[in-house]
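1. Predicted model and sequence follow; I will ask about them next.
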Amino acid sequence: MAHGSAVDDANAHTHLADATPATHLIGRLLGLEIEIDDVLHHFAIRQIQGTARSQEGRMACYRPRGYGKLGIRSTLKQTICVCNARPGAKVSGMKHAGKAPQAGLKVIAWTFAGLVVVTVLGLLAAFVGTFIAAASGVLFGVWVLFSLFCLWFFRDPNPRVPLGPDLIVSPAHGKVDIIDETVESEFMGGACRRVSIFLSVFDVHVQNAPAAGRIVHLRHTPGQFLNAMNQESALRNENVLVGLESGERPGERLGIRLIAGVIARRIVPWVGLGDEVSRGERLSLIQFGSRVELYFPLDYRVRVAVGNRVCGGETVLVERA
């Protein structure tokens, strides 16, 4: 038993002696591996810094493999990244930088401009609305007066037409201001007599047929819009010439010229070519001040004087010879 114990002790010392060199060897190998990793680490850093200096703005990254001779992985497992992007240096190869923020600024500017426009329009609408609300009573009163005036101005009384066979009645309401001889070649074919009647805004503006007959001529002539009180307006202003072939005397022709004025710029004929009309029948409407002229043969006798007021379809203007 003593002998066996001695043998065991000897074997234990032998294994302990063998383990000591092995441990020493592993420690030296680990130290060598760490030194190798340190050398590789410093070498990699120097290489990366050199690359970064030669290529401005580029990034060099290195991850050491960290394997020693025995294949034991190094404890330095971090990734080494070195970026040499110095402050203020431009990065080469980077195009279209800053365009996205510019696009955003444009959107902001346009939306701000739209907001300003909407705000200004809103303020203007509020101001106009306030003014209209404040003046609505006055405006309504003015509209009522204007409506009453229009109803009165566009009045259309029925004429009391005289029945004498040789009578020619006035074609308009107003004041006689011209009685003379003139030349009307378009329809009358030459010299004739003329009675011109001025219509103020206070006169009835419906025109009437001076005699019974048929409409054989109807022509609109563009022109100026001089004041109808001016006698030259008959020559220069816009007008409509109505030619009547009398049914009361064979071969008789009567011309009615409807003349626009500075206010009356619309002549509305109610008859057309070929229409049959009776004495005193309504022919047309001239709005807001105008002039009407009647052309008839030279031998007819005028029954009115300059300055007389006449009524369309009623007042006898001319008597046949």
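-> That came in fine, so what should we check first? Numbering: from 1, shown residues only.
2. List the contacts of T119.
-> The contact partners of T119, by Cβ atoms under 8 Å, 6 or more residues apart in numbering, come to none. Where you see a C-beta, it was placed from the backbone N, CA and C, and this is true even at glycine.
3. Now the helix or strand harbouring Y295: average pLDDT?
-> In this structure, Y295 sits in strand 290-296 according to DSSP states H and E. Averaged across strand 290-296, pLDDT comes to 92.
4. Can I get that strand as PDB, trimmed to CA atoms?
-> Provided in PDB are the C-alpha atoms of strand 290-296 (Å, rounded to 0.1, in the frame of the first residue of the first chain):
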ATOM      1  CA  SER A 290     -82.500 110.900 -79.700                       C
ATOM      2  CA  ARG A 291     -83.800 112.500 -82.900                       C
ATOM      3  CA  VAL A 292     -86.300 111.600 -85.600                       C
ATOM      4  CA  GLU A 293     -86.600 113.100 -89.100                       C
ATOM      5  CA  LEU A 294     -89.400 112.900 -91.600                       C
ATOM      6  CA  TYR A 295     -88.800 113.200 -95.300                       C
ATOM      7  CA  PHE A 296     -91.700 114.000 -97.700                       C
END
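5. Would you mind pulling up the elements that that strand packs against?
-> Under the contact criterion of 3 or more Cβ pairs under 8 Å, 6 or more residues apart in numbering; DSSP states H and E, strand 290-296 touches strand 174-184, strand 190-199, helix 233-236, strand 253-259, strand 316-319.
6. Phi first, then psi, for V120.
-> Main-chain dihedrals, V120, degrees, to the nearest 10: phi -60, psi -40.
7. switch to numbering from 855
-> Happy to do that; since the first residue is 855 now, the last one works out to V974.
8. pLDDT at it, what is it?
-> At V974, pLDDT is 94.
9. residues near it, how many?
-> 10 (other Cβ atoms under 10 Å).
10. Let me know the secondary structure of F1000.
-> F1000 carries the three-state label helix when classified by DSSP: H, G, I helix; E, B strand; the rest coil.
11. Can you give me the distance of it to A1114?
-> Distance from F1000 to A1114, counting by Cβ to Cβ, to the nearest Å: 21 Å.
12. Mind checking which of the two has more residues around it?
-> Legend: neighbour count by other Cβ under 10 Å for F1000 and A1114, higher for A1114 (26 against 10).
13. is it true that that one touches P1076?
-> No: contact criterion Cβ atoms under 8 Å: A1114 and P1076 do not qualify, at 9.8 Å.
14. if I look at these two, which residues touch both of them?
-> Counting by Cβ under 8 Å, 6+ apart, the common neighbours of A1114 and P1076 are E1092.
15. now the helices for this structure?
-> 856-908, 953-1007, 1087-1090 (DSSP state H).
16. what's the least confident stretch among the ones you listed?
-> Least confident of the helices of the chain, judged by mean pLDDT, is helix 856-908 with a mean of 50.
17. domain parsing for the chain?
-> 863-937, 1021-1173 (automatic domain parsing).
18. Could you give the separation between the terminal residues of the last one?
-> End-to-end distance of domain 1021-1173 (Cα to Cα, to the nearest Å): 5 Å.
19. How about stretch 1051-1069?
-> Terminal residues of stretch 1051-1069 are spaced 21 Å apart (Cα to Cα).
20. What are the buried residues along it?
-> Across stretch 1051-1069, burial judged by 16 or more other Cβ atoms under 10 Å covers 1051-1053, 1057-1067, 1069.
21. In strands only, show me these.
-> Among these, DSSP state E puts 1051-1053, 1060-1062, 1067, 1069 in strands.
22. A1159: which of the residues you listed is nearest?
-> I1051 (12.6 Å; Cβ to Cβ).
23. which of the domains of the chain has the lowest average pLDDT?
-> If you rank the domains of the chain by mean pLDDT, domain 863-937 sits at the bottom with a mean of 48.
24. can you count the residues close to V1131?
-> Neighbours of V1131 (other Cβ under 10 Å): 21.
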